[in-house]
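In: Whatever this is, show me its structure:
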Amino acid sequence: MVTSILRPTVYHPVQRISTRILGSRWARPPAILATFLVSGLMHEVIYYYFSRAYPTWEVTWFFALHGICVTVEVAVKKALGGRWRFHRLVSGPLTVAFVGITGAWLFFPQVIRYGLDQRAISEYSILVQFLCERLQY
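Out: Numbering: from 1, shown residues only. Below is the predicted model of the structure:
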């Protein structure tokens, strides 16, 4: 769902503008970075909505870091021309580890700091209790 929103609203327009300014060879990196940055800013808005605490920008940095890494990955793959790649059994766990480590470092601290995890668990338990009561009648 996020991809289907961000691709036409951020990625493609930035890529078109970048193509005019930088040429087609260099249009992709700004589009990738802009897409990740917008995603990070939107997550900051969501965190603000739930916590009513001013942004710490950790979440935006999480997405900026991932945007930079994806941009580098795309450039390296393009430079190598598909001649050399990690096997999925290597690249998959490396990706999960990278997301896990950076998530623990930059993404989840705000969730825990503002008690969003506890509130979500509490709300889900209320929902489960409500559904259990309704199913008994």
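
In: Now do the helix or strand containing residue 121: which elements does it pack against?
Out: Assigned by DSSP states H and E, residue 121 belongs to helix 116-136. For helix 116-136, the elements it packs on are helix 28-51, judged by 3 or more Cβ pairs under 8 Å, 6 or more residues apart in numbering; DSSP states H and E. In short, each C-beta sits where N, CA and C put it, glycine included.

In: residues making contact with stretch 108-118?
Out: Residues from elsewhere that reach stretch 108-118, judged by Cβ atoms under 8 Å, 6 or more residues apart in numbering: 47, 50, 51, 53, 56, 58, 59.

In: Measure how far the helix holding residue 121 is from the centre of its chain, please.
Out: 28 Å (Cα atoms, centre = their mean, to the nearest Å).

In: tell me the mean pLDDT over that helix?
Out: Mean per-residue pLDDT for helix 116-136: 91.

In: Would you quantify the distance from the most centrally placed residue in the chain to residue 44?
Out: By Cα atoms, centre = their mean, the chain has its centre lying nearest to residue 63, at 5.2 Å. From residue 63 across to residue 44, the span is 9 Å (Cβ to Cβ, to the nearest Å).

In: same question, residue 2
Out: 15 Å.

In: Over to residue 122?
Out: Distance of residue 122 to residue 44, given as Cβ to Cβ: 23 Å.

In: who has more neighbours, those two?
Out: Taking other Cβ atoms under 10 Å, residue 122 and residue 44 do not tie; residue 44 has more neighbours (19 against 11).

In: mind listing what the residue nearest to the more buried one when sequence neighbours are not counted touches?
Out: Leaving out its chain neighbours, the residue that sits closest to residue 44 by Cβ to Cβ, 6 or more residues apart in numbering is residue 55, at 4.5 Å. When contacts are counted by Cβ under 8 Å, 6+ apart, residue 55 touches 44, 47, 48.
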